[in-house]
Each structure stands twice: as C-alpha cells, then as structure tokens.
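Student: A structural model of the following input is requested.
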Amino acid sequence: MGADTAPDPSPEPGSAAHQERAADIVILRLWTALVEHRVDDDALDQADALVGVSAALDPGRRALLHLNLAATLQEHLASVDLAAMNRIERHLAAARDLGQLVGLARVAAAALSRLALMAMLRGQVPSALHHAATLRHLSRDAADELGGSWEQRIRPVEQWARHCTNVAMDAALIDDLVTAGDTGRRSAMVCAVTTAVQALAAIDAGEVERTRQLLDRVLDDPFVRTAGPWLTMLVLLDGYLAISSRDERRLQAAVEDLRRMDAEAEARLLEATELVQDREYPSALERLSPVTAAQIPSITLTYPSTCVLQAVVHHRLGDPDAAHRLIAQALADTQRTGVLRPFTIHDPAVIRELLSHLVTDNPATEAWRAEVVAAVDRAMRSPANRTTSIRLPLEQTAVAVEASPLTTRESEVLTLLAQGADQNDLAAKLFVSVTTVKTHLRSIRRKLDVERSRDAVRIAQSAGWIEE
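Tutor: Here you go, the predicted structure:
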C-alpha cells in the first residue's frame, strides 16, 4: 500500500462520526439478536447510552436505534411490568415519528404495528385501532416499499377490537390468519396474539373443542411460551374454559402461569370467578377488592371485568350501594375505551338491572350507559349470543326471552311521554337536563328502530312494556 493510500483514521472518540459508527454497530447487533431470539445485554446498554445523546445523530439512525431498542425489550418482556411497557411505548413513538419525518416507511410501519400490540395488551381499543388505521394508510401510500405483508399485523388488531366491542368477528379474515403462523415464528408475541384472536373467534362461534385445540397447541409450544404477558389473553381464556368444565387442574395451571408473568390481577380474576360459581362470595371479594381499588395493576380488560364481577357479588349479598359504585367504575373505565365485552360475561340480567338504576347527568356518560344497556339487552335476547358468547358458568338471573329492551329509566320516559309530557316536563319530573332526556329518546328510537318517539310509545304499549 502506497504512502498516499493510507487508511482513514478512526473517528475521534466523542465526535459525531464516532457516535454514528457506534450507533450503526449497536443497531446491527440488536437486530441480529432479535432474529436469533436472544438478548444482547451489552448492545442494550450501549443503545440506552446512545439514546441519551441521540440529538447528535441524524434522524434516520435515531429512528432505527429507538425501533431496535424497543423491539428487543418488547419481544423479551417476561412479565407484566408497567414501567417497562411505558418505556417500550416511548421508544416506539419516537421511532414512528422519526420514521415518518424522514420517510423511512418500514421503520414507521414496524413501530405502528408494535404500538398496536402494546395497546391490545393494555386493553386500549381506540389506540389500537388508531395505530392499525395509520399503518393501513401508510402501507397504501408506500405500497412499493412495504409490500402487502402488513395486513397480517392489522387484521388481528381489528378483529380483537370487534370482539371487545361485541361486534361479530369476520370469520373469513380470521381463517386467513392461520398463515400468520409463518410470521409468528419470527415473533412469539405475534404468534400468541394471532392465536388469541383465533381462539376468541372460535369460542364466540360456539366451537369450544376447536378453541381447546388452539389453546393446547400454542400453550404447549416452548417458542410461544416465551411471549411473556402476551400470553395473558390465551391463559385467561384457557382458565375460563377450565372453570366452565370444572377442570380444577387446568384452572390451577392457568393461575400459576399468570402469576409467573406477574399478572396477579388476572390470576385473582380467575380465582374469584370460580369462587363466585361456588357461591363463596366473601372469599371472592377478598380476591377482587385489591384490583378494583387499584392496589394491583392490571392489563387487557381485567379492571372493568373485575369491577363488573364484584358488582354482581355485592348485588347477591344485598349491598346495592357497593354494586352501583362498582358498575359506575366499570362504566367510567370502558367509556374511554369503547369496550362492551365485560358487561356481557357475568350475569347480564343483574348488570342490566344495575345499569338501569344508575343515574348520571353527564350527557356523554348517559349516552355510553345507554349503549352498554343496549349491548346487554342484545346479549340476553339473542339465541346466538346466549349460546356462543364467552358466558361464564355463574348462577344466572332468570329473564324472559321477550323481555323489554328498554331500561327502567327509558320505560319511565316513554310512560310520561304517553301521558302527554314534553321534553321540558320530562326533564323536570325525572330531575335531569333536557339534553339527557334527548339522549334517552335517541336510545329508545334506536332500540325500537323507529324515527319518531310517538311510534316508540305505540310499540312499547303494544308489547306490554309500558301501560296504555
């Protein structure tokens, strides 16, 4: 080698070029470890240090650094660790924003996909759907760069959201997700989430045996069992089926699995469900109370489900004040997320009664309460829902198939309307605002499928739901 062809000197330590080279090496090491399903702790530590000085790096490197750091932490999250989950989401949000800023569509898409899965883990339906919708728009705008594979990441999120909001899942799309097992082999987390969605669709279709087969296949897979907290949906469903079939051994295994993942709230929910089935109400309250008092953190839909189950217990113990307080807590929590499923799992007739007596003068809350009541009514009246929903084997309050779809308050509104009261009269007599009265009337017209309130009065009188 001639004197005029000497190699370039190494970048000066601390210089921008040195940090860029270090970032490139760390990004490659993290990506390699991900592909090989292992953790490179040294690379993680270096990535943390580089993130602290990432302002010195160009946006593209910063995006890749945040994404690979978050992906490593997410794939190897072993337990329900809310602090770690918050950290992962911060890195993913940074990767998404930087990727979109500099036109790195693959980085932004990967971050959005992972953010949607984080939202699913937390039971945040609007956030999950927002990330999925943004990913779909991005995959269309950058189709040449991204290809069509992202649809396999979007569909499980959308179908899970439909399940949570009591909307029928699309069987054709669910069946198509079977091929997701190929991509799942690159990610235990994705495989666990996809299988959970398939299992939920199967149980909603009344295919209990297929559900068990799906759960057995994935829960016995050593690779998928590395998915950490993303197994909670699968383990919870397995536990509910164990309660339904009185399989104590299988239930205990599910509870132990949840506790190994530090999913204490979810373990308590399963234990309490069995205790309620056996009418051991005081013991059930001991399990549930720390969760509803927010002393134990929870994920997925555990908090509203626990509030609803505890409300049922208090109702059976003759404590209506506590029951109404807990239903109000569940209503407030689900109003943010649009989730209806927890209200249709545990003794819906009792839930309907509690909701019908719940008084609120907040129009938005009242509208949400009306929507929840309508969902509970559909669950009680529909033969399909009565046989295919994830209905826990608790003692059920008897209810006629032809029961009125109207809540107690809605029946009061129609009765007064039939007597000639106008909206101002209704507000005065019911001690609510005119806006709340209008909300009740809209809910009534929607339930009875009419455009005019006087037609709703006629239908209700003919059915015997209100006096003529």
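Student: ok, now which ones touch T165?
Tutor: 125, 338-341 (CB atoms under 8 Å, 6 or more residues apart in numbering). All C-beta atoms are positioned from the backbone trio N, CA, C, and that covers glycine.
Student: which one of those is nearest G99?
Tutor: Proximity of the contacts of T165 to G99, judged by CB to CB, is greatest for V125, which lies at 24.4 Å.
Student: now that closest one: phi and psi?
Tutor: The phi/psi pair for V125 (degrees, to the nearest 10) reads phi -60, psi -50.
Student: could I get the buried residue list for stretch 199-218?
Tutor: 199-205, 211-212, 214-215, 218 (16 or more other CB atoms under 10 Å).
Student: so which of those are in helices?
Tutor: Judged by DSSP state H, helices contain the following of the buried residues of stretch 199-218: 199-204, 211-212, 214-215, 218.
Student: which residue is nearest the middle of this structure?
Tutor: Central residue of the chain (CA atoms, centre = their mean): G123, 2.6 Å from the mean position.
Student: make sure it is actually in contact with V339.
Tutor: Yes: using CB atoms under 8 Å, G123 makes contact with V339 at a distance of 6.7 Å.
Student: what do those two both touch?
Tutor: The overlap between the contact sets of G123 and V339 (CB under 8 Å, 6+ apart) consists of 164, 301.
Student: buried subset of the contacts of T165, written for ChimeraX?
Tutor: For the buried members of these, the matching ChimeraX selection, counting by 16+ other CB under 10 Å, is:
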select :125,339,340,341
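Student: looking at the contacts of T165, which one is closest to K438?
Tutor: Distance to K438 across the contacts of T165 (CB to CB) is lowest for G338, with 21.6 Å.
Student: OK, contacts around the closest residue to that closest one other than its chain neighbours?
Tutor: Counting by CB to CB, 6 or more residues apart in numbering, V125 is the residue found nearest to G338 once chain neighbours are left out, at 5.2 Å. With contacts defined as CB under 8 Å, 6+ apart, V125 is in contact with 119, 161, 164-165, 337-339.
Student: pull the most distant pair out of these.
Tutor: Among the contacts of V125, the pair separated by the greatest distance (CB to CB) is A119 and T165, at 14.0 Å.
Student: rewinding a little: pLDDT value on the residue nearest to the centre of the chain, please?
Tutor: The score at G123 is 87. That number is its pLDDT.
Student: now the contacts of T165 as JSON lines including distance to L82 and secondary structure?
Tutor: Formatted as JSON lines, the contacts of T165 follow (distance: CB to CB, whole Å; DSSP: H, G, I helix; E, B strand; the rest coil):
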{"residue": "V125", "distance to L82": "19", "secondary structure": "helix"}
{"residue": "G338", "distance to L82": "22", "secondary structure": "coil"}
{"residue": "V339", "distance to L82": "19", "secondary structure": "coil"}
{"residue": "L340", "distance to L82": "25", "secondary structure": "coil"}
{"residue": "R341", "distance to L82": "22", "secondary structure": "helix"}
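Student: closest to G239 among the contacts of T165?
Tutor: If you rank the contacts of T165 by distance to G239 using CB to CB, R341 comes first, at 16.0 Å.
Student: wouldn't that closest one be in contact with T302 here?
Tutor: No: counting by CB under 8 Å, T302 is not a contact partner of R341; they are 11.8 Å apart.
Student: before we move on, the earlier item: and the contacts of T165, which is closest to A370?
Tutor: The closest of the contacts of T165, once distances to A370 are taken by CB to CB, is L340, at 12.0 Å.
Student: didn't that closest one look like it was pressed against T334?
Tutor: Yes: at 7.1 Å, L340 and T334 qualify as touching, with contact defined as CB under 8 Å.
Student: flag every buried residue along stretch 79-90.
Tutor: Neighbour counts over stretch 79-90 (16+ other CB under 10 Å) mark 80-81, 84-85, 87-89 as buried.
Student: typo on my end, it should be stretch 364-381
Tutor: Within stretch 364-381, the residues scored as buried using 16+ other CB under 10 Å are 365-381.
Student: distance between that stretch and the chain's centre?
Tutor: Relative to its parent chain, stretch 364-381 has a centroid offset of 19 Å by CA atoms, centre = their mean, to the nearest Å.
Student: again with stretch 152-160
Tutor: 12 Å.
Student: so what touches it?
Tutor: By CB under 8 Å, 6+ apart, the surrounding residues in contact with stretch 152-160 are 113, 116-117, 119-120, 128-129, 131-132, 135-136, 139, 169-170, 173-174, 176-177, 179-180, 183, 190, 193-194, 196-197, 200-201.
Student: list the buried residues for that stretch?
Tutor: Of the residues in stretch 152-160, 152-160 count as buried by neighbour count, 16+ other CB under 10 Å.
Student: swap in stretch 109-128?
Tutor: Neighbour counts over stretch 109-128 (16+ other CB under 10 Å) mark 109-125, 127-128 as buried.
Student: which residues in the stretch 251-400 of the chain form strands?
Tutor: With DSSP state E, counting those that start in this stretch, there are no strands along the stretch 251-400 of the chain.
Student: do a quick rundown of the helices in it.
Tutor: Under the criterion DSSP state H, counting those that start in this stretch, the stretch 251-400 of the chain contains helices at 264-277, 281-292, 302-316, 320-337, 348-356, 363-381, 383-388.
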